[in-house]
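# Give me a model of this one.
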Amino acid sequence: MIGSATIPLRRLGKSDIHISALGLGTWQFSKGNGMVGRYWPVLEKQEIQEIVNISLDGGINWFDTAEVYGKGKSEEGLADALNSVGEKADDALIATKWWPVMRTAKSIPKTIDERLDALKGRTIDLYMVHQPYSFSSVRAEMDEMARLLKDGKVRTVGVSNFNEEKMREAHQVLANHGYPLVSNQVKYSLVDRRIEKDGTLDAAKELGITLIAYSPLEQGLLTGKFHKNPDLIKKMSGPRKHFSTFKPATLERTKPLIDLLDRLADEYNVTTSQIALNWLIHFHEDTVVAIPGATKKHHAEENIGTLTFKLSQEHLDEIDMVSRDVSIK
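So this is what the prediction gives:
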C-alpha cells in the first residue's frame, strides 16, 4: 500500500494495473523549461517533494508526466521527488508520453531510453502517444508501441487527445498484437463535456478503455475563486489570464454551476473544487479518472480530500443537469 491512506483502486483499462481515481498531473514540474514549461511558475525541488509526498500519503498512487513538459524536466523532477521519499514510493506508478509532432513512429523506440533516463530508471507503467498529429499513421505508432511492450520497456500503452475513430483504430492495432489499449487522456470537465457528444466516452465504455481527464478544474475556473473575485485573473501567471475561460461572459454563464457546487461544498463540508472532481470520478463509475495538478501543498491536500467521500446519486444527477446548461456546446 502506498502512503497511509486506504483508498479503493480501479483497474486501468484491461490491464493488471490498479490506480487511484485521481492521479497527480505534473505539467507544473517543468521548471519553466520549453514553451509549455513557462505556463506555470517555477517550483523548487522542496516544493515538488512536498506535493508528491502529500499525494502519496493521501492515497494517490500514480503520477502523470510527459516528454514535452519542460523537455523532460517534469519527468526528472517527479523521479527525484519519488526517489527522495524512499520505500513509500516503491509502488508508485508513472504515466508519461511520447511527443509525436514533427516526428515519425520510428522516434518511439529511438527515444524510449531518453524517457527512462529522465525518470532515473523508474518503470514506465503507462506510455502514451501525446497527440494524434505526426508524420506517421496510428497503425505505425501502435506497431512501435507493441514492440516496446514485447521488449518490456513499458508496462501498458495508451493515447491522448484521440477522437473515437483514432482511438478505435489504436485499440484494434494493439489487439492484433495481443495487447489492450488501456487509456485515452482527454480534456473533460463540468464545463467541457464534448467527449460525451462525439462518441469518445461511449466507445471507451464499450472497449474497456479508461479515460483520463485533464484540466478537470478548467485551469482553476471550477474552484469558484475567480467568480468570487475576478480581480484574481489579472494576477495570474502565464497566459491563462487571456483564455476565453476567464472572460466575463464565461464567468457569468457558469455562475449557476458554481453556485450549486458551493452549496454542495457547504453540505458535504468540503471545497468547491472537491465537489467538481468528485462528480468527475463517480458520474461514469470507473470509466473516468482525473489528473488535477498542484502548485502548492494545499492544492495536493484538496486533491486527496476528494477521495474521502462520494456524492449521492441525487447530487450527481443535479450537478449533471446544471452542468449541461452551462458547458461548451
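
# any weak-confidence spans in the stretch 1-150 of the chain?
1-6, 32-41 (pLDDT under 70).

# Can you show me the strands along it?
Taking DSSP state E, counting those that start in this stretch to define them, one finds strands in the stretch 1-150 of the chain at 9-11, 18-20, 24-25, 62-64, 93-98, 126-129.

# And the first one, what's buried?
Think strand 9-11. 9-10 (16 or more other C-beta atoms under 10 Å). C-beta: built from backbone N, CA, C; applies to glycine.

# From the contact counts, what lies against it?
Helices and strands touching strand 9-11, by 3 or more C-beta pairs under 8 Å, 6 or more residues apart in numbering; DSSP states H and E, are strand 18-20.

# count of residues packed around the nearest residue to A140 once chain neighbours are set aside?
Once flanking residues are discounted, A140 sits nearest to A105: 3.9 Å by C-beta to C-beta, 6 or more residues apart in numbering. A105: 22 surrounding residues under other C-beta atoms under 10 Å.

# show me what contacts A105?
Going by C-beta atoms under 8 Å, 6 or more residues apart in numbering, A105 touches 134, 136-137, 140-141, 143-144.

# What separation is there between it and L148?
11 Å (C-beta to C-beta, to the nearest Å).

# just E285 next, same as before
30 Å.

# again, but for Y69
Y69 is 20 Å from L148, by C-beta to C-beta.

# More neighbours: these two, which one.
Y69 (30 against 18).

# Wait, the more buried one touches W27, no?
Yes: with contact defined as C-beta atoms under 8 Å, Y69 reaches W27; the gap is 5.0 Å.

# And the helices in the stretch 101-250 of the chain, which stretches?
107-118, 138-151, 164-176, 200-207, 225-228, 248-268 (DSSP state H, counting those that start in this stretch).

# quick one: contacts of the fourth one?
Under the contact criterion C-beta under 8 Å, 6+ apart, helix 200-207 has outside partners 162-164, 167-168, 171, 181, 184, 186, 195, 209-211, 284, 287-288.

# Check the burial of P132 by counting its neighbours.
Counted with other C-beta under 10 Å, P132 comes out at 18.

# Contacts only, for it.
With the criterion set at C-beta under 8 Å, 6+ apart, P132 makes contact with 100, 138, 159, 161-163, 166.

# tell me which of those residues is nearest to K234?
Comparing those against K234 with C-beta to C-beta places N161 closest, at 30.4 Å.

# so the closest one touches Q185, yeah?
Yes: here N161 reaches Q185: they are 7.1 Å apart, a contact under C-beta under 8 Å.

# now the nearest residue to D262 once chain neighbours are set aside: how far from T26?
Spatial nearest neighbour of D262, excluding adjacent residues (C-beta to C-beta, 6+ apart): T272 at 5.5 Å. Counting by C-beta to C-beta, the gap between T272 and T26 amounts to 23 Å.

# quick one, which of these two is more surrounded?
For T272 and T26, the more surrounded residue by other C-beta under 10 Å is T26, and the numbers stand at 29 against 24.

# Only the C-alpha atoms, please, for stretch 17-36, written as PDB.
The C-alpha coordinates for stretch 17-36 follow below in PDB (Å, rounded to 0.1, in the frame of the first residue of the first chain):
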ATOM      1  CA  ILE A  17      -2.500  -2.300 -13.100                       C
ATOM      2  CA  HIS A  18      -4.800  -0.700 -10.500                       C
ATOM      3  CA  ILE A  19      -4.800   3.100 -10.000                       C
ATOM      4  CA  SER A  20      -6.500   5.600  -7.600                       C
ATOM      5  CA  ALA A  21      -9.400   7.600  -9.100                       C
ATOM      6  CA  LEU A  22      -7.200  10.700  -9.000                       C
ATOM      7  CA  GLY A  23      -3.600  10.800 -10.200                       C
ATOM      8  CA  LEU A  24      -1.300  13.800  -9.900                       C
ATOM      9  CA  GLY A  25      -0.700  15.800 -13.100                       C
ATOM     10  CA  THR A  26       2.900  17.100 -13.100                       C
ATOM     11  CA  TRP A  27       3.000  19.600 -16.000                       C
ATOM     12  CA  GLN A  28       3.700  22.200 -13.400                       C
ATOM     13  CA  PHE A  29       7.000  20.400 -12.500                       C
ATOM     14  CA  SER A  30       8.500  21.700 -15.800                       C
ATOM     15  CA  LYS A  31      10.900  24.100 -14.100                       C
ATOM     16  CA  GLY A  32      10.000  26.900 -16.600                       C
ATOM     17  CA  ASN A  33      11.600  25.000 -19.500                       C
ATOM     18  CA  GLY A  34      10.300  24.900 -23.000                       C
ATOM     19  CA  MET A  35       7.200  26.600 -24.400                       C
ATOM     20  CA  VAL A  36       4.700  24.700 -22.200                       C
END
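
# That'll do, ta.
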